[in-house]
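**Q** Provided below for reference: sequence and predicted model.
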Amino acid sequence: MRRISVSSAIVAVMMNSAAAQDVQDYPNKPVRFISATAPGGAVDVQGRMFAQKLTESVGRPFVIDYKPGASNRIGYLYVAKSAPDGYTVLLVNPTFTYGHFLGGPAGYDPIKDFVPIAQLAKAPYVLVVNPAERIANLREYLDRARANPGKLNAGTVGEGSFYHLAFAWLHGEAGVQVSLIPYKGGAPALVALLGGQLTASFGSPLSVLGQIKSGKLRAIAVTTAERSKILPDVPTIAEQGIAGYDLSTWLGLVAPAKTPPQIINKLNGELASAAKDPKIVATLESDGGTAVGGSTEQFRQLIATELTRWRKVIQDANITASD
C-alpha cells in the first residue's frame, strides 16, 4: 500500500510539473480564435487583425476558426466544452451577453463557463433620421414620439436584435412608444429610412457617414458615453437627457473556465500591446471604432454590467428572439 501511495505521489508531482512547464512555454502550438459568426463580418475582420498581430509578436500561429449557427450558440458551446489550456479561445460581441436571455435555454453561462481575457475594440451606433421629418435632435424625436404614441416608425434588424434592444432601452427610459419595424439587415433598414418609410434607425458610423455628409440622413445622437471621432459634432444620447445610456458594439476574447491565470495574463498583455499598434488603431478609427485592450477585470465588469442591463431591458419590453 505504501509503495502504491508513494508511486501515486510521484506521478502527481510529475503531472503537475509537466502542466507548469506547459503553462510556462505557452504557446507552443497554434492558438485558435473561435468565431461564432460567419466569415466576413466585424467579428471576423477585427478578430483576424488581432490574430495576425499576435502571430507576429508571439511567433506562433493565431488563427480564426469558424463555428457559426444557432444564434452563435454553436461556437459558444464548443469553446465552453474545450480544454482550458489556452489553445481554444472565443471571440465575443454583445450577443454573448444579451443572447443569453433570448430564444430559450442558452446552454452556456457567460460567467460560470468562461473567463474574460480582454476587450479588443468598441464602436458606437448612430441614431439617424430622414431630414424630411424635420427632427433636429434627440429631444425633438422623443417629444414627437410622446405626442404621437406608436405612430413613429423605427427600423430594427429583427426581434431580439441589437438595434431592437437599443431602441427598447432608449424608448423605455424616455417613456415613449414607437413602432419597431424589422428588416433583414441594417442596409435594408437604411434604404427604407432614405425612402421615407421610417422615421429613424441606427447605423454604424461608417455605414451612415456618406449619407450624413450628403444631407440624405441627419445624425441626432451617438450611443456611446463619448462622442465619435468621425462625427464629433453629434452629441451622445446621455448628453441629451437619457442619463447612463452608454451602448457600443464591441469585440472581446474569452477562454473556457479554469484556464490557468498565467495564460490569461499572457494573452491579455499581448492583446493590450496589439491595441496600441498604430495600424490597428488607425484601421479601427477609420471605421468609427476604438481599440481598447484593457485589463481582464475591466472586461469582466463590462460583461457583468451588460448581463444586468439586458436582463432588465428584455424582461421589461417582453422581447424574444426572431429565430
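**A** Perfect, I can see it now.

**Q** Show me where the stretch 151-300 of the chain has its helices.
**A** 162-174, 186-194, 205-214, 261-274, 278-286, 296-317 (DSSP state H, counting those that start in this stretch).

**Q** Return the residues in contact with the nearest residue to Val92 once chain neighbours are set aside.
**A** The shortest distance from Val92 to any non-neighbouring residue, by CB to CB, 6 or more residues apart in numbering, is to Gly252 (5.1 Å). C-beta coordinates here come from the backbone N, C-alpha and C atoms, glycine included. Taking CB atoms under 8 Å, 6 or more residues apart in numbering, we find Gly252 in contact with 91-93, 96, 116-120, 299, 302-303.

**Q** Looking at these, state which has the most neighbours.
**A** In terms of neighbours by other CB atoms under 10 Å, the contacts of Gly252 top out with Val92 at 30 neighbours.

**Q** Tell me the predicted confidence for that residue.
**A** For Val92, the pLDDT comes out at 98.

**Q** phi, psi of it?
**A** The phi/psi pair for Val92 (degrees, to the nearest 10) reads phi -130, psi 150.

**Q** quick one: Phe33 is in a helix?
**A** No - secondary structure of Phe33 (DSSP: H, G, I helix; E, B strand; the rest coil): strand, not part of a helix.

**Q** Next, the contact list for Val31, please.
**A** So Val31 contacts 54, 60-63, 86-89 (CB under 8 Å, 6+ apart).

**Q** Give me the buried subset of these.
**A** The neighbour count (16 or more other CB atoms under 10 Å) marks 54, 62, 86-89 as buried among the contacts of Val31.

**Q** can you tell me which of those lies nearest to Lys258?
**A** Nearest to Lys258 among the buried ones among the contacts of Val31 is Gly86, at 11.0 Å by CB to CB.

**Q** Name the SS class of the closest one, please.
**A** Applying three-state DSSP: Gly86 is coil.

**Q** Pro256 versus the residue lying closest to it once chain neighbours are set aside, what's the distance?
**A** Closest residue in space to Gly86, ignoring its immediate chain neighbours: Ile263 at 3.8 Å, by CB to CB, 6+ apart. Distance, Ile263 to Pro256, by CB to CB, to the nearest Å: 11 Å.

**Q** and what of Asn137?
**A** 46 Å.

**Q** Ile319 now?
**A** 29 Å.

**Q** returning to what we had before: so for Asn137 and Pro256, which residue has more residues nearby?
**A** Ranked by neighbour count (other CB under 10 Å), Asn137 and Pro256 place Pro256 first, with 20 against 17.

**Q** For the closest residue to that one other than its chain neighbours, give me its contacts.
**A** Of all residues not flanking Pro256 in the chain, Pro84 sits nearest, at 4.3 Å (CB to CB, 6+ apart). Contact analysis of Pro84 by CB under 8 Å, 6+ apart lists 255-260.

**Q** can you do 6 Å?
**A** Counting by CB atoms under 6 Å, 6 or more residues apart in numbering, Pro84 touches 256, 258-259.

**Q** so where's the stretch 1-150 of the chain shaky on pLDDT?
**A** 1-22, 104 (pLDDT under 70).

**Q** ok, now the stretch 201-323 of the chain?
**A** Ranges of the stretch 201-323 of the chain meeting pLDDT under 70: 322-323.

**Q** so which of the helices of the stretch 151-300 of the chain comes closest to Gln24?
**A** Gln24 sits nearest to helix 261-274 of all the helices of the stretch 151-300 of the chain, at 7.7 Å, using CB to CB.

**Q** And the contacts of the closest one?
**A** Counting by CB under 6 Å, 6+ apart, 23, 26, 50, 53-54, 57, 86, 117-118, 293, 296 sit against helix 261-274.

**Q** same thing but at 7 Å, please
**A** 23, 26, 50, 53-54, 57-58, 86, 115, 117-118, 120, 253, 255, 280, 293, 295-296 (CB atoms under 7 Å, 6 or more residues apart in numbering).

**Q** Now which of those residues would you call buried?
**A** Taking 16+ other CB under 10 Å as the criterion, what is buried in these is 23, 26, 50, 53-54, 86, 115, 117-118, 120, 253, 255, 280, 293, 296.

**Q** biggest separation within those residues, which pair?
**A** Pairwise distances across the buried ones among the contacts of helix 261-274 (CB to CB) peak at 27.2 Å, for the pair Val23 and Ile280.

**Q** measure Pro149 to Ser248 for me?
**A** In this view, Pro149 and Ser248 are 29 Å apart by CB to CB.

**Q** In JSON lines, list the contacts of Gly252 along with distance to Ile314.
**A** Listed next are the contacts of Gly252 as JSON lines, based on distance: CB to CB, whole Å:
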{"residue": "Leu91", "distance to Ile314": "23"}
{"residue": "Val92", "distance to Ile314": "18"}
{"residue": "Asn93", "distance to Ile314": "17"}
{"residue": "Phe96", "distance to Ile314": "14"}
{"residue": "Pro116", "distance to Ile314": "22"}
{"residue": "Ile117", "distance to Ile314": "26"}
{"residue": "Ala118", "distance to Ile314": "26"}
{"residue": "Gln119", "distance to Ile314": "22"}
{"residue": "Leu120", "distance to Ile314": "25"}
{"residue": "Phe299", "distance to Ile314": "22"}
{"residue": "Leu302", "distance to Ile314": "18"}
{"residue": "Ile303", "distance to Ile314": "16"}
